[in-house]
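A.B. asks: What follows is a predicted structure for the sequence shown.
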Amino acid sequence: MMALEIILGKGESGNEIKWMPKNEKNPHFMVVGTSGSGKTETLKAVVHELSAAGVPSFIVDFHQDFDDVADNVLDFTNMTINPLEYAPETPEAAMYKVSNILKKIFALGVQQEGALQDAILSAYRDKGIDIRSMERKDAPTFEDVKNILENKAEYLKEEKRSSQTVETLLVRLRPLFNTGFFTSKKSTIPFKNIFAETTVLKLKNMPTEEVKYAIAEFFINKLKYELYARGKTDKMVLYCIVDEAHRLIDDKSPLNDLLRESRKYGTGVILSSQRPSDFSDTVLANVGGIIAFQCRLEKDAIFVGRQMGINFEEIKNLTEVGTGFVNLSSKSGNEKVKITPLWKRKGMKTVKKERKIEKPHETVQKEAQKKEENKKEDDQVEETPKQERNKIPEEEDDAIYIRDEYKHFPPLLWLVRGLKAYFSSVKRGALFAFAMGSAYSFFELRLAAALTAAFLLSATAIGFMRSREKK
Ligand SMILES: Nc1ncnc2c1ncn2[C@@H]1O[C@H](COP(=O)(O)OP(=O)(O)O)[C@@H](O)[C@H]1O
Ligand SMILES: [Mg+2]
């Protein structure tokens, strides 16, 4: 098999700059730079190349930036996680892991953390689970933990003792308890798909930043155990991509475990951050490659400059988006690179939204074919103005959305299409809803319901007709 080779972009003399993960001291990679400097675009380009080479990526996507490189989207509609499921550890170990993650993300105090730990242990005991045993039983859920905390607050109040710690803990964790994401006893994560095609964990619609980070960490923790279960390999089988990763990394975080151990399991990690100085020195020292774009904050530029052996002024003074210094462990010194953005890469014009679930080897074959085809096409493709290329056209964006979310229930798809035909913009839609709402408050309830039903039905009909037109 050909060695994995990722083209990053062009050097100053027009030379091609490549990254070959297997040549480096480890397959991990880091991209740093101020907001807007080109980190996300770089990750997308790398994911695209990896996928073309038959290595799928698992992407933790906080902002819905990665739709155009995804084959498969995970969110709360098609997956559940129960972080209290303890296999392959003991319940006690799982408790420490969960409480540590929540403590960091929700900034819990020592007493709150203690109360949370007690509640998690009680939840296990209530299910008849010995916290030190490996016996497999159905785990409790966050719902159970929440109930235990609420009962405890009640009890303390009745006893006229201070319930403040427990109550503030409940308030802190409320967004987490209220998501409804953590109500299932069993995790259902489609690992088979994750290891076969590029998968995005879509967190954008989760209620708060904290909940997003918590879900990401719980997920990465599960991924880690899945890797252990699959066993060691010399082949690269997966890349785990975390854009804006600085809030997920600390000594005890699952992501840090991945950085330390995943290479043995054929898995690389690619991180980006706009606040590199939040990482410990060991994180940067442990990646096989770094790209530094402009770091406007001197503190960050100094930190990165020290790691890469460049004068910090050079990093601070980079100006062009997508141009930075690359430092690979296999080479001495740094090279300036202009990253080739996703839209200029081979295969993008034709592959973009057509990709379906494929086995990795099929992808390799297809990409080889496409490369051939593109060689011919490339010269003929018209250049679109840069401004337009940077912006993902709305229509295309919607196409993914509709396909992924509603394909199992066509009437819903028709309804969404119809509603879209009615209001081509969100603002207009909101205005219309507001106008309808005000109108209703003057009418009788039954009339209002009939009006709504008629409206929705007509939208569905229009959507249905449009769907037929499209076919
Ligand atoms: N290598 C590149 N070449 C051309 N344009 C780029 C490049 N990288 C990023 N851009 C553009 O610059 C803008 C910001 O890039 P982005 O990757 O979102 O930055 P960041 O993730 O660092 O905030 C986007 O509009 C993107 O399309
Ligand atoms: Mg970004």
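C.D. replies: Structure's in. What do you need? Ligands and ions are numbered 1, 2, ... in the order given.
A.B. asks: Wait, a strand at Met2?
C.D. replies: No - per DSSP: H, G, I helix; E, B strand; the rest coil, Met2 lies outside any strand segment and is coil.
A.B. asks: could we number from 824 for the rest of this?
C.D. replies: Right, with 824 as the first residue, what we last looked at is Met825.
A.B. asks: Contact partners for it?
C.D. replies: Contacts for Met825 (CB atoms under 8 Å, 6 or more residues apart in numbering) come out as Ala876. Just so you know, the C-beta spots here come from the backbone N, C-alpha and C atoms, and that holds for glycine as well.
A.B. asks: any idea how far ligand 1 is from it?
C.D. replies: 25 Å (CB to the nearest ligand atom, to the nearest Å).
A.B. asks: okay, that residue: pLDDT?
C.D. replies: On the pLDDT scale, Met825 is placed at 70.
A.B. asks: Tell me, what's the model's pLDDT at whatever residue of the stretch 1124-1273 of the chain ends up closest to ligand 2?
C.D. replies: The nearest approach of the stretch 1124-1273 of the chain to ligand 2 comes at Val1144, 11.4 Å away (CB to the ion). Note on Val1144: pLDDT of 96.
A.B. asks: and what of Glu982?
C.D. replies: With respect to pLDDT, Glu982 scores 94.
A.B. asks: What of the one 5 residues further on?
C.D. replies: Per-residue pLDDT puts Gln987 at 94.
A.B. asks: which regions of the protein lie under the pLDDT threshold?
C.D. replies: 824, 1172-1231, 1247-1252, 1293-1294 (pLDDT under 70).
A.B. asks: Which segments of it make up each domain?
C.D. replies: Domain ranges of the chain: 829-902+1012-1167, 914-1001, 1232-1293, per automatic domain parsing.
A.B. asks: one step back: which SS class is the residue of the stretch 1124-1273 of the chain closest to ligand 2?
C.D. replies: Here Val1144 is recorded as coil under three-state DSSP.
A.B. asks: need the contact list for the nearest residue to it once chain neighbours are set aside.
C.D. replies: Spatially, and ignoring its direct neighbours in sequence, Val1144 is nearest to Gly861 (4.9 Å; CB to CB, 6 or more residues apart in numbering). Applying CB under 8 Å, 6+ apart to Gly861 gives the contacts 1116, 1144-1147, 1162, 1164.
A.B. asks: For Glu908, find the nearest of the domains of the chain.
C.D. replies: Among the domains of the chain, the nearest to Glu908 by CB to CB is domain 914-1001 (4.6 Å).
A.B. asks: Show the contacting residues for the spatially closest residue to Asp961 that is not a sequence neighbour.
C.D. replies: Nearest residue to Asp961, sequence neighbours excluded (CB to CB, 6+ apart): Lys1008, at 5.1 Å. Taking CB under 8 Å, 6+ apart as the criterion, Lys1008 is in contact with 905, 908, 961-964.
A.B. asks: Right, and ligand 2 sits closest to which residue of this protein?
C.D. replies: Distances between the chain and ligand 2 by CB to the ion are smallest at Thr863, namely 3.3 Å.
A.B. asks: tell me which element the residue most central in space within the chain is part of?
C.D. replies: The centre of the chain sits closest to Val883, judged by CA atoms, centre = their mean, with a distance of 1.6 Å. According to DSSP states H and E, Val883 maps onto strand 880-884.
A.B. asks: same deal with Tyr947?
C.D. replies: helix 933-949.
A.B. asks: which of the residues in that helix are buried?
C.D. replies: 935-936, 938-947 (16 or more other CB atoms under 10 Å).
A.B. asks: Kindly report the same for stretch 891-901.
C.D. replies: Along stretch 891-901, these residues count as buried under the neighbour rule (16+ other CB under 10 Å): 891-899.
A.B. asks: Over to stretch 1125-1140?
C.D. replies: Buried residues in stretch 1125-1140 (16+ other CB under 10 Å): 1125-1128, 1130-1131, 1133, 1135, 1137-1139.
A.B. asks: Ligand 1 versus Ile1285, what's the distance?
C.D. replies: Counting by CB to the nearest ligand atom, the gap from Ile1285 to ligand 1 is 35 Å.
A.B. asks: And for that residue, the neighbour number?
C.D. replies: Counted with other CB atoms under 10 Å, the neighbours of Ile1285 add up to 18.
A.B. asks: was I right about it contacting Lys1243?
C.D. replies: No - in this structure, Ile1285 is not within contact of Lys1243 by CB atoms under 8 Å, at 9.4 Å.
A.B. asks: Any buried residues in stretch 899-917, and which?
C.D. replies: Burial within stretch 899-917, assessed by neighbour count using 16+ other CB under 10 Å, is assigned to 899, 902, 904-909, 913-915, 917.
A.B. asks: quick one: which of these sit in helices?
C.D. replies: In helices, defined here by DSSP state H, the members of those are 914-915, 917.
A.B. asks: Dump these into a markdown table; add distance to ligand 1 as well.
C.D. replies: Formatted as a markdown table, these follow (distance: CB to the nearest ligand atom, whole Å):
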| residue | distance to ligand 1 |
| --- | --- |
| Pro914 | 39 |
| Glu915 | 40 |
| Ala917 | 34 |
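A.B. asks: Let me know the closest of those to Gly1003.
C.D. replies: Nearest member of these to Gly1003, counting by CB to CB, is Ala917, at 21.4 Å.
A.B. asks: Just give the closest residue to the closest one, not the sequence neighbours.
C.D. replies: Nearest one to Ala917, counting by CB to CB, 6+ apart, is Tyr909 at 3.8 Å.
A.B. asks: Spit out the contact partners of that neighbour.
C.D. replies: 916-917, 962.
A.B. asks: Right, I'll leave it there.
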